[in-house]
Structure formats: C-alpha cells, structure tokens
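Chemist: structure of the sequence below:
(one chain, ligands or ions: 2)
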Amino acid sequence: MDFNSFVNDNGEKETRVKIVIVGETNVGKTQFILRVCENTFNESPNATIGVDFKSKSIELNGNKFRVEIWDTAGQERYRSVAELSYRNSHGAFLVYDITHLNSIEKAKNWLQSLRKTLPDIAIMAIGNKIDLEEKRQVSLEQGHQFSKENNLLFMETSAKTGENVNDSFYSLLRKILDLKEEPFKNIKTNINLNKSQTPSINLNNSIKKSKKCC
Ligand SMILES: Nc1nc2c(ncn2[C@@H]2O[C@H](COP(=O)(O)OP(=O)(O)OP(=O)(O)O)[C@@H](O)[C@H]2O)c(=O)[nH]1
Ligand SMILES: [Mg+2]
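Modeler: Numbers count the residues shown, from 1 in each chain. Ligands and ions are numbered 1, 2, ... in the order given. Here you go, the predicted model:
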C-alpha cells in the first residue's frame, strides 16, 4: 500500500497512514482509540454502529504524519461493513479482552478476515483491560503464543488507565514505516519506549523525496 501525502491548512506536507482496529464487541476498541487520539475514556459508551474514525497528527524528525484510526463495530451484524473499511489500510490493531476468553477465540476469525483483504500488513494483537487483573481469563502467555503463531506484534493494555496504549500505537507505527515501500522502506526507526514518557521516534535515515506527492 502506498502512502499519500497532502498539504494541510498550514501549508505543510503531511503523509496519511491508515490503521484499522478490529475485534469482538465490548473489548474496548473505541476506548483504545479515544485514549490514543484524545487521551480520554468513557465508562458507559454506546456500541459502535458501522464504522467511525479519528485521526492523530504527529511529527517524527520533521516529517508530519496524519494517522487515521478506523474504528469498526464488533457486533456480528456489522461485519460486512467493517470489512469494507479495511481497504487501503497500512496496519491493524486486533483487540481482545483479557477478561473474556471467548474474545481471543473470536480474534482468530477477525484475523482471518483481515488477512483475506490485507495479506501483508503489519498487525498488532492487543490484550485490553489489564486494569481488571482479578478477572483475567486470558494469560499473558496465551496472548504471546497466539501472536507468535500468527506473526503479530503484541501488547497488553488498559484503555482505562492508559497503560501501554501509547507504546502499542508507536510500536505498530514503527513497524508500518519499516515495512513500507519508498519513501519509507529504508527508514530505520528507533523508538524510545520508556514507560514514563510519551514515546519518541528517531528516523535514522532521512526520507527520500517521494515520487508520488500531494
Ligand atoms: N476496565 C476497563 N474497561 C474498559 C477498558 N476499555 C474499554 N472498557 C469498557 O468496556 C466497554 C466496551 O468498550 P468499547 O470501547 O465501547 O468497546 P468496543 O470494542 O468499541 O465495542 P463495539 O463498538 O461494540 O465493537 C465499555 O464499558 C468501556 O468503558 C479497559 O481498558 N478497562
Ligand atoms: Mg466501539
């Protein structure tokens, strides 16, 4: 998948990155996105209907990126709408709830549907709700095993407390930028994942001028 650039309202070039988030209903996809994009959390949200998206603008070594995170509905009746939103995604979050064993089983189906449309994209499995440790049904080891078997990045998070949310976002972004074709494929990123800070990324090689622009 190529990257598209555009000129923002301030006359600056931004590169668009599209990430889709999938998983069973109620695992916390919408709250994960809210935490990434707005640093907020809602205790009693409505289930997502159809598809929604939020974006986050970030700057990495002088290069501006507009990361769009497309939020899909986990309810079965919206499955086909969710699948329509996969198009042109550069990466995906595959979320399950560590307090519901069934949600990691269902994650396998979501993974299949993702890979059918997007066979080569970077995917990160997210075991969410780690603030509910006392209700845990999916062990950290199960999450690791599932991710290893399916060649996924993996992190456990809490959208509620924010634990590991930024780290997972930047880790997937790093993977996306490392994998991509020109102008990004030769960029080596170096993310500082110090938990007490917002992660920062250093791009060691300068970005070659894109042939496709704006
Ligand atoms: N304790 C805790 N609750 C969470 C966390 N993330 C989400 N929740 C709660 O889980 C419920 C579902 O969250 P949503 O973000 O709406 O779930 P969703 O995956 O978007 O669900 P659909 O839109 O139906 O697919 C809500 O009550 C949230 O407040 C978390 O990290 N910890
Ligand atoms: Mg939702």
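Chemist: which SS class is residue 166?
Modeler: Per DSSP: H, G, I helix; E, B strand; the rest coil, the secondary structure class of residue 166 is helix.
Chemist: that one and residue 139: what is the separation?
Modeler: Distance from residue 166 to residue 139, counting by Cβ to Cβ, to the nearest Å: 24 Å. No exception for glycine: its C-beta is placed from N, CA and C like everyone else's.
Chemist: which one of these two has more residues nearby?
Modeler: residue 166 (18 against 12; other Cβ atoms under 10 Å).
Chemist: residue 36 is in contact with the more buried one, correct?
Modeler: Yes: with contact defined as Cβ atoms under 8 Å, residue 166 reaches residue 36; the gap is 7.2 Å.
Chemist: shared neighbours of these two, anything?
Modeler: Residues touching both residue 166 and residue 36 (Cβ atoms under 8 Å, 6 or more residues apart in numbering): none.
Chemist: helix or strand right after the helix or strand harbouring residue 92?
Modeler: Using DSSP states H and E, residue 92 sits in strand 91-97. Moving toward the C-terminus from strand 91-97, the next helix or strand (DSSP H and E) is helix 101-117.
Chemist: doesn't residue 66 make contact with residue 59?
Modeler: No: counting by Cβ under 8 Å, residue 59 does not reach residue 66; the two are 10.7 Å apart.
Chemist: between those two, which is the more surrounded one?
Modeler: Between residue 59 and residue 66, counted using other Cβ under 10 Å, the more crowded position is residue 66 (17 against 11).
Chemist: does that one touch residue 13 like I think?
Modeler: No: look at residue 66 against residue 13 with Cβ under 8 Å: they stay out of range, at 10.5 Å.
Chemist: name the residues contacting each of these two.
Modeler: The contact lists of residue 66 and residue 13 share residue 6, where a contact means Cβ under 8 Å, 6+ apart.
Chemist: and the helices in this protein?
Modeler: Remark: helices assigned in the chain by DSSP state H are 29-38, 79-84, 101-117, 140-149, 165-179.
Chemist: of all the ones you listed, which one is nearest residue 90?
Modeler: helix 165-179 (4.9 Å; Cβ to Cβ).
Chemist: pull out the buried residues from the closest one.
Modeler: Buried residues in helix 165-179, defined by neighbour count with 16 or more other Cβ atoms under 10 Å: 165-177.
Chemist: which of those sits closest to ligand 1?
Modeler: Checking those against ligand 1 by Cβ to the nearest ligand atom gives residue 165 as the nearest, at 8.6 Å.
Chemist: what is the neighbour count of residue 14?
Modeler: So residue 14, with other Cβ under 10 Å, has 20 neighbours.
Chemist: number the chain from 47, please
Modeler: Yes, from this point I'll number from 47; that puts the last item at residue 60.
Chemist: beta partners for it?
Modeler: Using DSSP bridges, the bridge partners assigned to residue 60 are residue 52, residue 110.
Chemist: ok, now which ones touch it?
Modeler: 51, 52, 53, 54, 103, 110, 111, 112.
Chemist: also residue 61?
Modeler: For residue 61, the contacting residues are 49, 50, 51, 109, 110, 111, 112, 256, by Cβ under 8 Å, 6+ apart.
Chemist: next: residue 164.
Modeler: Contacts of residue 164 by Cβ under 8 Å, 6+ apart are 132, 135, 138.
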